[in-house]
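Participant: here is my input; please provide its structure:
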Amino acid sequence: MRDAFSSCHPAVNAAWFALVLTFTVTTFHPVLLLTSLVCGLLWSPRLGRGWRPLPLAVLFFFAALVNPLFSHAGATVLWYFPNGNPLTLESILFGLGAGGMLTASVVLLGCMARVMTADKWMCLLGRILPALSLLLSMALRFLPQGRRRLDLIAQAQRQTAGGNTGPLGRARLGIRYLSVLVSWSLEAGIATADSMDARGYGLPGRTTYTNYTLDRRDRDALSFLAGAGGYLILMSIRGCLHWRYYPTLKWSGLDPWSLSAFCVWGALCAFPLYLDRKEARAWRSTTFKT
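Facilitator: Residues are numbered from 1 along each chain as shown. Have a look, this model is predicted:
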């Protein structure tokens, strides 16, 4: 059974990623960051993209350790470095928040790369921004296609020239691989652009075909995303999601408004998981009846 959220209309996918990524990278509230990170980690295996814990842990701790080493702002001094710069509690907490934000963003962007395929970008932007949609589709296709081409280049090189030993030989071989890959990709990009131009892509009045239709499920999902996004924006303007690190740690506290905002944020982040669970129940009930 495929992922239910990926089968939604591209407008639903784009709206969800826009909302979740925007709030993830613009707020440093630990509740919001932790919720988006946990939901992303739970959802990514469903998309066939299981994350190894070691790279994510290295990314998190690297971002968390870099900030206290270079930023010495904050009122709560814990210790002094040998050069006299202070180590403050606020810089440590800000580093942890930055690490959480960066890790959650990487996980969500990895999920977006699996969900927002080239045909979905073409469906969304083909009529409005045809040049940008073509560029995005070519860029998204470049990553897997470049990997396959690099394997072919390596196989051809091993058959013709054999293996090079030593650091200098491997460096020359890597430069040769990169040169061939860039030349091949540029030539393929020019051919694609000329082909689309010959077909009249981007001309005024040209119709486009798409496999996606906006059904009732997609309209209900868009209504939910609009309501949740509007409520979170209103709560953010009201200050319920405020979290400050410098010069002293300060946040809005817990009240009914902030708790409701956290619940809405949790429902928004878990929306793909909810659709998967709902479709799984419908699938099991249908199978049981038949």
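
Participant: ok, residues contacting the helix or strand where residue 219 lies?
Facilitator: Using DSSP states H and E, residue 219 sits in helix 216-238. By C-beta atoms under 8 Å, 6 or more residues apart in numbering, the residues outside helix 216-238 that reach it are 8-9, 11-12, 15-16, 19, 23, 27, 241, 257-258, 260-261, 264-265, 267-268, 271. Where you see a C-beta, it was placed from the backbone N, CA and C, and this is true even at glycine.

Participant: okay, buried residues for that helix please.
Facilitator: For helix 216-238, a neighbour-count test (16 or more other C-beta atoms under 10 Å) marks 218, 221-222, 224-225, 228-229, 232, 235-236 as buried.

Participant: can you tell me how far the closest residue to residue 180 other than its chain neighbours is from residue 181?
Facilitator: Sequence neighbours aside, residue 153 is the residue nearest to residue 180 in space, at 5.1 Å (criterion: C-beta to C-beta, 6 or more residues apart in numbering). Distance of residue 153 to residue 181, computed by C-beta to C-beta, to the nearest Å: 6 Å.

Participant: where does the prediction get shaky in the stretch 101-250 of the chain?
Facilitator: Applying pLDDT under 70 to the stretch 101-250 of the chain flags the ranges 140, 161-166, 201-209.

Participant: show me where it has helices.
Facilitator: In the stretch 101-250 of the chain, the helices defined using DSSP state H, counting those that start in this stretch lie at 118-125, 130-160, 167-198, 216-238.

Participant: deepest-packed of the ones you listed, please.
Facilitator: helix 118-125 (a mean of 19; mean count of other C-beta atoms under 10 Å).

Participant: and that helix with helix 130-160, angle?
Facilitator: 160 degrees (axes from the mean of the first three to the mean of the last three C-alpha atoms, to 10 degrees).

Participant: would you put the C-alpha positions of helix 118-125 in CSV?
Facilitator: Extracted in CSV, the C-alpha atoms of helix 118-125 (Å, rounded to 0.1, in the frame of the first residue of the first chain):
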residue,chain,number,x,y,z
ALA,A,118,8.9,16.5,-10.9
ASP,A,119,5.4,15.9,-12.4
LYS,A,120,3.8,17.5,-9.3
TRP,A,121,5.9,20.7,-9.7
MET,A,122,4.9,20.7,-13.4
CYS,A,123,1.3,20.4,-12.4
LEU,A,124,1.5,23.3,-9.9
LEU,A,125,3.7,25.7,-11.8
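
Participant: picking that back up, which residues are in contact with the residue nearest to residue 180?
Facilitator: 177, 180-181, 184.

Participant: same check on residue 246?
Facilitator: 73-74, 90, 94.
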